[in-house]
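*Asks:* Structure of the sequence below:
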Amino acid sequence: MSFLQPLLLAGLPLVALPILIHLINQRRYQTTRWAAMMFLLAANRMSRGYARLRQWLILLFRMLAIAGLIVAVSRPLASGWLGLAAGGRADTTIILLDRSPSMQQQGAGTAASKLETGRQQLVHSLQTLGSSRWVLIESAGNAARELDAPDDLLELPCAGPSSAEADVPAMLQTARDYIRANRTGRTEVWICSDLRENDWHADSGRWQTLRDSFLELPQGVRFHLLAYPQTAPGNVAVRVTDVRRRQTGQNAELLVSLRLSREGDAEDQATIPVQFDIEQARSETTVQMTGPQFRLQDYRIVVESQRKRGWGRVSIPADANPADNECYFVFDESPSRKTILVADEPQAVWPLELAAAVSPDAAWENATEVVPIDRLKTVPWEQVSLVLWQSALPQGAAAQLIQAFVGRGGQVMFLPPRAPGSGELFGVRWQAWVESGAGIPVETWRGDQDLLAHTLSGDALPVGELQIRRYCQLSGEFTTLAALRGGQPLLARVTTDQGGAYFWTTTLAAADSSLATSGVVFYVAVQRALAAGTAVLGNTRDLLAGRPPAGITEAWVPLAGGQALSTDYPYHQGVYAAGDRWLAVHRAEAEDQAPVLTDPRVAGLFQGLDFARVDDRAGSVKSLIQEIWRLFLAAMIVAMMIEAGLCLPKLRRTEGAAV
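*Replies:* Next comes the predicted model:
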């Protein structure tokens, strides 16, 4: 049990007041032996046991009455949050609000979402507990914003739903920085989330740093998690995976590929109508979905031949989560897919050029150019999609050109040179070569996303069949996409704000690996990187919500979707115009089928911290916090009535009364 006024519990020793009064009364009388009373005392010994019991009961109920009064004025709380407010009123209350698309899942039999229910519960709870200051940190903006009162959560647009995924460790970092900068007193941090793995990044090393930093704070910080971990089996999400415009004689057509994802392990067949809107022109098809995923490849939609650029929307009927029932896209004439090759050895150029020059679609034009390092300044970087680099890591002006290229959304792949050198780029560097005559097998790789993801048909790339004979060690901070036996990376990705920077730790030479002879894996990786680099060229862009692109300074104008304030357009899916560019904003792919963190993993993230958790459901109307002081007042009254009854003298029959 917890209390809103715990300091008043200091009055509990007053419960002993009836005992003290009893002892004082005992000392008021002196005992004098009188022989004439001996007979009467002996006669009363038979009834002394009952009298003593009655006296003890009277004393007990007097003590209970005092205890009930003291507990009642301390304002006890109940209904799940054990120990919630122990320690009294907080000086500062910080609210971390998860606004990601998965939080828009609705409860069974109700139209209320997890986010809406969580806001209602937070407002009621925080109004009951009270605080000197309330601060909101929401997942899209990740900035501390002071509130006038808790009910601002119900009115502020920045507390509503968004299409951007959350980053809970980053939000906790912002909360920690706010506590330090403002030197708050006793602080409570409330987290409202549905515990999706992609939002919590439980494997990130940031959690250990966060735990240590919160433990170092001199003021007490208490964490409360309001969790909505329930999933919606059968909920279907739609996502456009590819859109191409193709000229066919006098006409033109769009080839739209999409993926339907169903939550849970349902294997039953579902009939799902899919609707296509191309700038208000509507068409529809019906698909039969069996299993967790369904892919529709190159669905043809005829468009006017003079329409070179446009936008569209794919939607499915409403289900448990309206946030994933539609997806927007933009299309334009395909720009040239140009690759720049930088290699020290001439024999290394040909396999790289072959992987980049052969287009998977006859309608796409792939171009490659071999450029010496000293001529990089002459390259028209605004027309380049991909850089394949098999040389010492660039330094000086060359490094600045590559960093700027990646910063505007370009893709670069590095392969190790024969002499690794001491250069460093993107925080990583080559180390020494390691050779194994017996070969080193590929042990693990990421098949769910990025360059080595499964094909559109769902088949895995034959990464495990690769034979690696020599590899160059890599040091620095990176994410491993494929690992050799022993944990050494084969393919690594460096985290960047825009674009992509990848490092292969072996080359295509036959003495080093089978990347060239078993060329499917390397070819697919190159073509995917090339497609990602090409997507940022031209006048149309596909963007992830919450990640506004660099270099676009024009004001955004909504063309479709975008039901939000103009400052929040990058956080909401839709189609926007920014000058001559058309931008399609999408929710993160991980939001479609993100697993939920298990209870032990959540507890481990807050290990050592003052942490409490309660699970709730979307649409729940049951209050998280209830004051139960009335129950203790009622208990006090009952105790007083029983005590009064015990104090009444025993009724005796008068002598001579009728029988």
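
*Asks:* Which parts of the stretch 301-450 of the chain are helices?
*Replies:* Assigned by DSSP state H, counting those that start in this stretch, the helices in the stretch 301-450 of the chain fall at 349-357, 396-407.

*Asks:* out of those helices, nearest to Gly107?
*Replies:* helix 396-407 (43.0 Å; C-beta to C-beta). No exception for glycine: its C-beta is placed from N, CA and C like everyone else's.

*Asks:* Now do the closest one: everything it contacts.
*Replies:* By C-beta atoms under 8 Å, 6 or more residues apart in numbering, the residues outside helix 396-407 that reach it are 373, 376-377, 379, 381, 384, 387, 389, 393-394, 412, 425-426, 496-501, 550.

*Asks:* now the stretch 1-150 of the chain, which segments are flagged as low pLDDT?
*Replies:* For the stretch 1-150 of the chain, applying pLDDT under 70 flags the ranges 1-8, 26-50, 74-88.

*Asks:* make that the stretch 351-500 of the chain, sorry
*Replies:* Where the stretch 351-500 of the chain drops to pLDDT under 70, the residues are 363, 456.

*Asks:* ok so, going back, which ones among the contacts of helix 396-407 are found in strands?
*Replies:* 387, 389, 412, 500-501 (DSSP state E).

*Asks:* on that earlier part again, which one of the helices of the stretch 301-450 of the chain has the most crowded surroundings?
*Replies:* helix 349-357 (a mean of 19; mean count of other C-beta atoms under 10 Å).

*Asks:* Does anything pack onto it? Which helices or strands?
*Replies:* strand 337-343, strand 366-370, strand 386-390, helix 520-534 (3 or more C-beta pairs under 8 Å, 6 or more residues apart in numbering; DSSP states H and E).

*Asks:* Just want the angle from that helix to strand 337-343.
*Replies:* For helix 349-357 against strand 337-343, the angle by axes from the mean of the first three to the mean of the last three C-alpha atoms, to 10 degrees is 160 degrees.

*Asks:* What are the boundaries of the helices in the stretch 51-200 of the chain?
*Replies:* Using DSSP H, counting those that start in this stretch, helices in the stretch 51-200 of the chain cover 114-129, 168-182, 197-200.

*Asks:* Can you list the helices and strands that the last one packs against?
*Replies:* Under the contact definition 3+ C-beta pairs under 8 Å, 6+ apart, helix 197-200 sits against helix 168-182.

*Asks:* Over to the first one?
*Replies:* For helix 114-129, the helices and strands in contact under the criterion 3+ C-beta pairs under 8 Å, 6+ apart are strand 92-97, strand 187-193, strand 221-227.

*Asks:* Neighbouring strands of the second one in the sheet, and parallel or not?
*Replies:* On the basis of DSSP bridges, the sheet neighbours of strand 187-193 come out as strand 92-97 (parallel), strand 221-227 (parallel).

*Asks:* The helices of the stretch 301-450 of the chain: which one's closest to Ser513?
*Replies:* Using C-beta to C-beta, the nearest of the helices of the stretch 301-450 of the chain to Ser513 is helix 349-357, at 11.1 Å.

*Asks:* which residues are in contact with the closest one?
*Replies:* 339, 341, 343, 366-368, 370, 386, 388, 390, 415, 508, 516, 519, 522-523, 526-527, 530.

*Asks:* Could you check the angle it makes with helix 520-534?
*Replies:* Interaxial angle of helix 349-357 relative to helix 520-534 (the same axes, to 10 degrees): 60 degrees.

*Asks:* from the chain's centre, how far out does helix 349-357 sit?
*Replies:* 40 Å (C-alpha atoms, centre = their mean, to the nearest Å).

*Asks:* Secondary structure class of Leu255, three-state.
*Replies:* Put simply, Leu255 is strand when judged by DSSP: H, G, I helix; E, B strand; the rest coil.

*Asks:* Could I get the contacting residues of it?
*Replies:* 242-246, 298-300.

*Asks:* any idea which of the residues you listed has the most stuff around it?
*Replies:* Among the contacts of Leu255, the one with the most neighbours (other C-beta atoms under 10 Å) is Val243, at 21 neighbours.

*Asks:* Phi, psi for it please.
*Replies:* phi -140, psi 130 (degrees, to the nearest 10).

*Asks:* Ok, Lys308 next?
*Replies:* The phi and psi torsions at Lys308 (degrees, to the nearest 10) take the values phi -80, psi -30.

*Asks:* Tell me, how many residues neighbour it?
*Replies:* Number of residues near Lys308 (other C-beta under 10 Å) recorded here: 14.

*Asks:* And the pLDDT for the residue nearest to it when sequence neighbours are not counted?
*Replies:* Counting by C-beta to C-beta, 6 or more residues apart in numbering, the nearest residue to Lys308 once its immediate chain neighbours are dropped is Glu333, at 5.3 Å. Looking at Glu333, its pLDDT reads 80.

*Asks:* do the same with Gln573
*Replies:* At Gln573, the predicted lDDT confidence score is 93.

*Asks:* re the thing from before, the helices of the stretch 301-450 of the chain: which one's closest to Tyr328?
*Replies:* Among those, helix 396-407 sits nearest to Tyr328 (C-beta to C-beta), with 25.4 Å.

*Asks:* Could you count how many residues lie near the closest residue to Glu146 other than its chain neighbours?
*Replies:* Nearest in space to Glu146, with sequence neighbours left out and distances taken as C-beta to C-beta, 6+ apart, is Val135 at 5.5 Å. Val135 has 22 neighbours, counted by other C-beta under 10 Å.

*Asks:* Which residue or residues pair with Val135 through a beta bridge?
*Replies:* When assigned by DSSP bridges, Val135 has beta-bridge partners Ile94, Glu146.

*Asks:* Let me see the contact set for it.
*Replies:* 92-95, 144-147, 175, 178.

*Asks:* Can you flag the buried ones in the residues you listed?
*Replies:* 92-95, 144, 147, 175, 178 (16 or more other C-beta atoms under 10 Å).

*Asks:* Partner strands of the host helix or strand of Val575, with direction?
*Replies:* Under the criterion of DSSP states H and E, Val575 resides in strand 574-578. Under the criterion DSSP bridges, strand 574-578 sits next to strand 556-561 (antiparallel), strand 581-586 (antiparallel) in its sheet.

*Asks:* about what we covered before: mind checking which of the contacts of helix 349-357 are buried?
*Replies:* 339, 341, 343, 366, 368, 386, 388, 390, 415, 508, 516, 519, 522-523, 526-527, 530.

*Asks:* what's the closest residue to Ser257 other than its chain neighbours sitting at in phi/psi?
*Replies:* Nearest non-adjacent residue to Ser257, counting by C-beta to C-beta, 6+ apart: Asp242, 4.2 Å away. Main-chain torsions, Asp242, degrees, to the nearest 10: phi -160, psi 140.

*Asks:* now Arg485
*Replies:* Dihedral angles of Arg485 (phi, psi; degrees, to the nearest 10) stand at phi -60, psi 130.

*Asks:* The one 10 residues further on too?
*Replies:* According to degrees, to the nearest 10, the main-chain angles of Thr495 amount to phi -70, psi 130.
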